[in-house]
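**Student:** okay, here's the prediction I keep looking at, along with the sequence it came from:
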2 protein chains.
Amino acid sequence: MPKLTFYNLPIEKQQHLIDAAKQEFSSASLSDASIANIVKAAGISRGSFYQYFEGKEDLYFYLLNGYTAERKKIFRDILEKTKGDLFQAMSEFYRITVNEEELLDFKRNVLLNMTEQVETKFIKIVDEEESEEEFKKISNLIDKNKLNSSGNKELYHLLKIVMSVTIRNWIEYFAKNLTVEESIANYEIELKLLRTGLSRM
Amino acid sequence: MPKLTFYNLPIEKQQHLIDAAKQEFSSASLSDASIANIVKAAGISRGSFYQYFEGKEDLYFYLLNGYTAERKKIFRDILEKTKGDLFQAMSEFYRITVNEEELLDFKRNVLLNMTEQVETKFIKIVDEEESEEEFKKISNLIDKNKLNSSGNKELYHLLKIVMSVTIRNWIEYFAKNLTVEESIANYEIELKLLRTGLSRM
DNA sequence: CTCAAATATGACAACGTGTCATTTTTTATT
DNA sequence: AATAAAAAATGACACGTTGTCATATTTGAG
């Protein structure tokens, strides 16, 4: 989390720094990105940077938090629109996700270099410890009659599976340079498999 | 891939270097690891290192390749033993996986810092492009009558799903410091969900 | 035994990180 | 408005890391 000093800055200056960071993290992974480039683009001194953030990881996760918060909102909205139909919602959500062109390079870098710490930010929706409330919020929106889970614990694992598969497809979209259509087609195949089950009964 | 010079080295010296690398990558992630530490532990000069490998990534993936090759062999053996029952095989495979204590710290670092590039090494089993043959090898061992896939393409996606969920559980075992039993219990819940399907029909 | 090819070496330039003494700006107080 | 104290900004610096390269050493073929 940014230090207090950062929040005390005029919004405009905050935004400058954020823009510079987005630029740098769009052309380099977290470990390859350099603070020197960021402060140069933002027009601040190196010392100041360390007065705002603990280090580049801090800034990186601050950006990521903002982004994932937006996405969760979008997801919840879709879930409401589909009246709690999880799979219909996932399908729409994925379409929107891969079609969105904003911050494309940033997302590419994030996804291709996604570590457990980063992934957790994305699927925190279903992470019991870090956001019990977020899970409840989502859980309440979902029409459980359509799902094959017999309780909260199973619902948790069910969501985890769906999120894993979704993220993995998103990553592959970048890793294999798929077209939007190809990626959506792949995702639909996997959603269908998930819904109907992998075992023949 | 290591350079020719490395393979020309006496096995003993190769092993020394590999041991030193395992040690370093057990206490640091790929990006945090330092070549200085490795060459010091191996008793070679920095210059020599660069005559054997392109850089630390090269060495890292060389180690990883060796490890994943072993695991794939183990997986195929189990699959044969279970007469092609994929889910029984996965269950046994996972048990063995989380119970294995060798190179624990190395695996922890690998898994918690797993990027797309690293993950691909693990699930290359089901990666069409990089190892068509590996896919066929596995595919031939699997009893498809027990699975709900209607062709090669679906089987491919089915395996991808299973691998994603498996790896995600393995990562969580480290990330959340689960006990072996907890992790296996979680995995079994998810396998059951996968088998029977997530939607209520 | 000789000499060319292969291998080993560590000093070095370039770059990156986090710190800190110092300077500049802002805020509060009289 | 003048002054003091607190907050913020700065960039030089110590230290670590990477990849290279001119030089030294070893190996092997004739």
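**Tutor:** Structure received.
**Student:** so which helix or strand of chain A has the lowest pLDDT on average?
**Tutor:** helix A:116-123 (a mean of 84; mean pLDDT, DSSP states H and E).
**Student:** buried ones in it?
**Tutor:** A:116, A:118-123 (16 or more other CB atoms under 10 Å in any protein chain shown). Quick note: C-beta positions are derived from backbone N, CA and C, even for glycine.
**Student:** can you check stretch A:165-182 too?
**Tutor:** For stretch A:165-182, by 16+ other CB under 10 Å, it's A:165-175, A:178.
**Student:** could you do stretch A:101-119 as well?
**Tutor:** Judged by neighbour count (16+ other CB under 10 Å), stretch A:101-119 contains these buried residues: A:106-111, A:113-116, A:118-119.
**Student:** near the residue of chain A found nearest chain B, how many other residues are there?
**Tutor:** Residue nearest to chain B within chain A (CB to the nearest CB): A:Gly197, separated by 2.9 Å. Neighbours of A:Gly197 under the rule other CB atoms under 10 Å in any protein chain shown: 20.
**Student:** spatially nearest residue to it (excluding sequence neighbours)?
**Tutor:** B:Gly197 (2.9 Å; CB to CB, 6 or more residues apart in numbering or on different chains).
**Student:** ok, longest helix in chain A?
**Tutor:** Across chain A, the longest stretch assigned as helix under DSSP state H is helix A:56-81.
**Student:** using CSV, list the CA coordinates for the next helix or strand after that helix.
**Tutor:** Counting by DSSP states H and E, the next helix or strand C-terminal to helix A:56-81 is helix A:86-99. Taking C-alpha atoms only, helix A:86-99 is exported to CSV below (Å, rounded to 0.1, in the frame of the first residue of the first chain):
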residue,chain,number,x,y,z
LEU,A,86,-22.9,-18.3,-13.1
PHE,A,87,-22.0,-20.0,-16.3
GLN,A,88,-23.9,-17.5,-18.5
ALA,A,89,-22.2,-14.7,-16.5
MET,A,90,-18.7,-16.3,-16.9
SER,A,91,-19.3,-16.5,-20.6
GLU,A,92,-20.2,-12.9,-21.0
PHE,A,93,-17.5,-11.8,-18.6
TYR,A,94,-14.9,-13.6,-20.6
ARG,A,95,-16.1,-12.1,-23.8
ILE,A,96,-15.8,-8.6,-22.4
THR,A,97,-12.4,-9.4,-20.9
VAL,A,98,-10.7,-10.5,-24.0
ASN,A,99,-12.3,-7.8,-26.1
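**Student:** centre of the chain to helix A:86-99, how far?
**Tutor:** 13 Å (CA atoms, centre = their mean, to the nearest Å).
**Student:** got the buried residues for whichever helix or strand comes after the least confident helix or strand of chain A?
**Tutor:** Toward the C-terminus, helix A:116-123 is succeeded by helix A:132-141 as the next helix or strand (DSSP H and E). Buried residues in helix A:132-141, counted by 16+ other CB under 10 Å: A:134-135, A:138, A:141.
**Student:** I am finished for the moment; much appreciated.
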